[in-house]
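J.: need a structure here:
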Amino acid sequence: MAKDIAGIRKNYSKKKLSEKKIHANPMKQFSTWWKQAVISGLDEVNSMTLATAASDGFPSARIVLLKGVTQDGFVFFTNYESYKGQQLAENPKACLVFFWKELERQVRITGLVEKIKVEESEAYFLSRPEGSQIGAIASPQSQVIESRNWLDKKYKEIKKWAKKNAIQKPEYWGGYIVKPVIIEFWQGRPSRLHDRIQYTLEGNGNWKIQRLAP
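T.: Numbers count the residues shown, from 1 in each chain. From the prediction side, this is the model:
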């Protein structure tokens, strides 16, 4: 098995990334790559790895979905009482990674994390399908539960209740925005000599652009 795993590789050769052809602002550069990814018809193009760490320094990573992009940062939603929510309460910093393998591209975003406004979270929650709304209420995310049957029963109870009552966003559920301080754009190249362009936010609000060795 070890030999088979070690032999898995792909030589990237589709595109290049040059400092001369990128935007001075990384959010505009992300917008360009995002549009290209959407046009390419990638499956779940908004899926991204979210890495967090508690005050003990142990990291944790999982896939979440991007639900908004502004000039300030990247928005996702979750249960504030989940494991990731607890980590962000202790250490409000995170890293996001998009991997669009069909385009041989990655984007890595390191930034500071804040909760978005309650009104914005409420508006998004109410725009979700009813099943997702009920699921968010029924699931005590990241907590130990006795069985799948317990979860299904809880879901059915809330679904029955919702037939006669208006569903509202739980207080423990809402959005975060990751405000970037570093953004790296990675383009796969032959012989593992990949293009890596990094933007670093400076004290004057401008972005410093550097090429990194692959």
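J.: show me where the protein has strands.
T.: With strands called from DSSP state E, the chain shows them at 47-53, 59-65, 68-69, 74-79, 93-100, 105-115, 173-187, 195-201, 207-212.
J.: Just checking: what are the partner strands of the third one?
T.: When you say that, I think you mean strand 68-69. Paired neighbours of strand 68-69 in the sheet (DSSP bridges): strand 74-79 (antiparallel).
J.: hang on, the earlier thing: kindly reformat the strands of the chain as a markdown table and extend each row with mean pLDDT and mean neighbour count.
T.: For glycine as for every other residue, the C-beta is placed from the backbone atoms N, C-alpha and C. Supplementary listing: these in a markdown table, determined by pLDDT from 0 to 100; neighbours: other C-beta atoms under 10 Å:
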| stretch | mean pLDDT | mean neighbour count |
| --- | --- | --- |
| strand 47-53 | 98 | 19 |
| strand 59-65 | 98 | 13 |
| strand 68-69 | 98 | 15 |
| strand 74-79 | 98 | 21 |
| strand 93-100 | 98 | 19 |
| strand 105-115 | 98 | 19 |
| strand 173-187 | 98 | 20 |
| strand 195-201 | 98 | 19 |
| strand 207-212 | 98 | 13 |
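J.: In JSON lines: these, plus distance to Pro26.
T.: Formatted as JSON lines, these follow (distance: least, C-beta to C-beta, whole Å):
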{"stretch": "strand 47-53", "distance to Pro26": "15"}
{"stretch": "strand 59-65", "distance to Pro26": "20"}
{"stretch": "strand 68-69", "distance to Pro26": "12"}
{"stretch": "strand 74-79", "distance to Pro26": "11"}
{"stretch": "strand 93-100", "distance to Pro26": "13"}
{"stretch": "strand 105-115", "distance to Pro26": "9"}
{"stretch": "strand 173-187", "distance to Pro26": "4"}
{"stretch": "strand 195-201", "distance to Pro26": "4"}
{"stretch": "strand 207-212", "distance to Pro26": "6"}
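J.: Indicate which one of the ones you listed is closest to Phe125.
T.: Among the strands of the chain, the nearest to Phe125 by C-beta to C-beta is strand 173-187 (6.7 Å).
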